[in-house]
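Colleague: curious how this folds, go ahead:
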Amino acid sequence: LITVHRYEMFLLAKVEREMPVLLCLEFLHRVLDILHEYLGVVDEESIKESFSLVYQLLEEMMDNGYPMTTEPNALKAMIKAPTMMGRVVAAATGRSDFVSDALPDGTISSMPWRKAGVKYGQNEIYLDIIEEMDTIVSSTGKVISCEVSGSIQAVSHLSGIPDLLLTFIDPSLVDDCSFHPCVRYGRFEREKVVSFVPPDGNFELMRYRAAAGEMVI
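Modeller: Have a look, this model is predicted:
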């Protein structure tokens, strides 16, 4: 049994054979991220009220034990987000129709994380760099060891299919990176730049670790 604890709840996965534990943990966290995207508040009550929606999301996200569609934009193209009118109709008729009749654009493109035909009057993207520092300091104020763990959170509202490039002043400090699928990993290996076509909306661009040099506090 593999569990994660978020939103004051435990999400549990039953594993019947050997498998990468980190893959399972990442999938469980992705499930909770998707539920937060759809429900806003993730708790016992909201899951009970939207049981049909949660079931349909899990059915699309996993098939026969294998992760399938986990990108929010691709899921939203297949399963409609709940609305107040939809809840009223469901309460009155006893039916909940969340599944879209149209084939999602992501299933026929090489970029399943991005919707087709996105248009904005004002194009903008915001990047938040969130870092945590673990440090051991001696009694004389000398830093014995220091490691920084960080992530880059993005909010993208860009029209069309934008091709973006993120560069670092000193890329040698950035190590142990993990990226969103939109990042061209081969180019990062060659040139140490982050080249990507972003999803629409909120997403985590990358995680990384950085080793700090010798410092005195």
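
Colleague: can you give me the helices for the protein?
Modeller: Ranges of helices in the chain, per DSSP state H, are 21-39, 44-49, 51-61, 72-78, 84-93, 185-191.

Colleague: looking at those, which is closest to Thr3?
Modeller: Set against Thr3 and scored by CB to CB, the helices of the chain come closest in helix 21-39, at 7.8 Å. Backbone N, C-alpha and C define where each C-beta goes, glycine included.

Colleague: burial measure for Met206, as a count.
Modeller: Using other CB atoms under 10 Å, Met206 has 19 neighbouring residues.

Colleague: quick check: the closest residue to it other than its chain neighbours vs Tyr185, distance?
Modeller: In space, and not counting its chain neighbours, Met206 is closest to Phe179: 4.8 Å by CB to CB, 6 or more residues apart in numbering. Distance of Phe179 to Tyr185, given as CB to CB, to the nearest Å: 6 Å.

Colleague: looking at this structure, which helix or strand is least sure?
Modeller: helix 84-93 (a mean of 56; mean pLDDT, DSSP states H and E).

Colleague: and the pLDDT for the residue lying farthest from the centre of the chain?
Modeller: In the chain, the residue that sits farthest from the middle, by CA atoms, centre = their mean, is Thr140; the gap is 42.1 Å. For Thr140, the pLDDT comes out at 83.

Colleague: which ones are touching it?
Modeller: Contact analysis of Thr140 by CB atoms under 8 Å, 6 or more residues apart in numbering lists nothing.

Colleague: picking up where we left off before, what's the spacing between the residue nearest to Met206 and Leu205?
Modeller: Counting by CB to CB, the gap from Phe179 to Leu205 is 7 Å.

Colleague: need the overlap of contacts for these two.
Modeller: Residues touching both Phe179 and Leu205 (CB under 8 Å, 6+ apart) are Val194.

Colleague: so these two - more neighbours on which side?
Modeller: Leu205 (23 against 17).

Colleague: the more buried one and Arg190, how far apart?
Modeller: Counting by CB to CB, the gap from Leu205 to Arg190 is 19 Å.

Colleague: and what of Ile161?
Modeller: 22 Å.

Colleague: tell me how many other residues crowd the residue nearest to Val21 when sequence neighbours are not counted.
Modeller: Distances taken as CB to CB, 6+ apart place Ile2 nearest to Val21, at 6.4 Å, with adjacent residues excluded. If you count neighbours by other CB under 10 Å, Ile2 ends up with 15.

Colleague: ok, back up a step: who has more neighbours, Ile161 and Arg190?
Modeller: Legend: neighbour count by other CB under 10 Å for Ile161 and Arg190, higher for Ile161 (12 against 9).

Colleague: how about the contacts made by that one?
Modeller: So Ile161 contacts Met111, Arg114, Val197 (CB under 8 Å, 6+ apart).
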